[in-house]
Every structure is written in C-alpha cells, then in structure tokens.
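> next one to model:
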Amino acid sequence: EVQLVESGGGLVQAGGSLRLSCAASGFTFDDYAIAWFRQAPGKEREAVICVSSNAGTSYSRDSVKGRFKISIDNAKNTAYLQMNSLKPEDTAVYYCALDSSPCIVVPGYFGSWGQGTQVTVSS
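Take a look at the predicted model:
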C-alpha cells in the first residue's frame, strides 16, 4: 500500500518561499507521475504542477510557472515542491498525489494522496 506523508506548509509573507515535502512509502520512483494539487476554501481542487518519469509529460499551471518546481530525492523516496515568490492567491491546502506515468492532471487519475498541508500567504 502506498502512503504519502506531507510536511512543510505554514504561514509566509508574500514574496517568501516554502518547500513542501511528500515522503512516499510502498512506492519507488521508477515509473511515476508526481503532482501537487491545491484547494482553496469554496473552490475546486486544481492541479498545480506535475512531473513524470516519462520525460515527455509534465505540467505547470500558468500562474506558478517560473516560481514552483518539483524535485525528487530517490534515496529518501521523497518529492519536494519548492515554492518561491509566493502570492496571497497561492493560499490553499496543498496535496501531493502519486501514480504511474504520464501526467494526467485530473484528481481522479491519481490513486495515492497525501493528507494535505496548509499554505497561507499573507499580503
């Protein structure tokens, strides 16, 4: 059974940075698609960014391009979301999601989810 444990959320001022972690157990980053989704109050869950072992598929939401980046530490079986130049509109609960490649950025595609971590950006 795949389990994902997230950490790293918090409160940050606009322009600041945060790094979210998603530690995976029961899964190795061989054939993968790892994504972050977010959900703000009263809004639907939306895809933010995705990378996969299939180099031809990836995704970044237009509003986070150049600011957010995923990296993977295979030795730690952990994926990271580095978020820079944060804006108040980035405020949401962030969820990591994992499945096999490719990146199909709809929530229903991903079979494994983290518990979510709150990111709050103050203006």
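
> just the pLDDT for the spatially most central residue of the chain.
Against the mean C-alpha coordinate of the chain, by Cα atoms, centre = their mean, the closest residue is Trp36 at 2.3 Å. Among the per-residue scores, Trp36 shows a pLDDT of 97.

> low-confidence regions, this structure specifically.
56 (pLDDT under 70).

> just say helix, strand or coil for the closest residue in space to Gly16 that isn't next to it in sequence.
Excluding the flanking residues, the one nearest Gly16 by Cβ to Cβ, 6 or more residues apart in numbering is Leu86, at 5.4 Å. The way it works is simple: take the backbone N, C-alpha and C, and place the C-beta from them, glycine included. At Leu86 the chain is in coil, as set by DSSP: H, G, I helix; E, B strand; the rest coil.

> quick one, what contacts Leu86?
Shown in contact with Leu86 (Cβ atoms under 8 Å, 6 or more residues apart in numbering): Val12, Ala14, Gly15, Gly16, Ser17, Leu18, Arg67, Val119, Val121.

> look up how far Lys65 lies from the fifth one.
As for Ser17, its distance to Lys65 is 16 Å (criterion: Cβ to Cβ, to the nearest Å).

> over to the first one?
The span separating Val12 from Lys65 equals 20 Å under the rule Cβ to Cβ.

> likewise the third one?
Separation of Gly15 from Lys65 (Cβ to Cβ): 17 Å.
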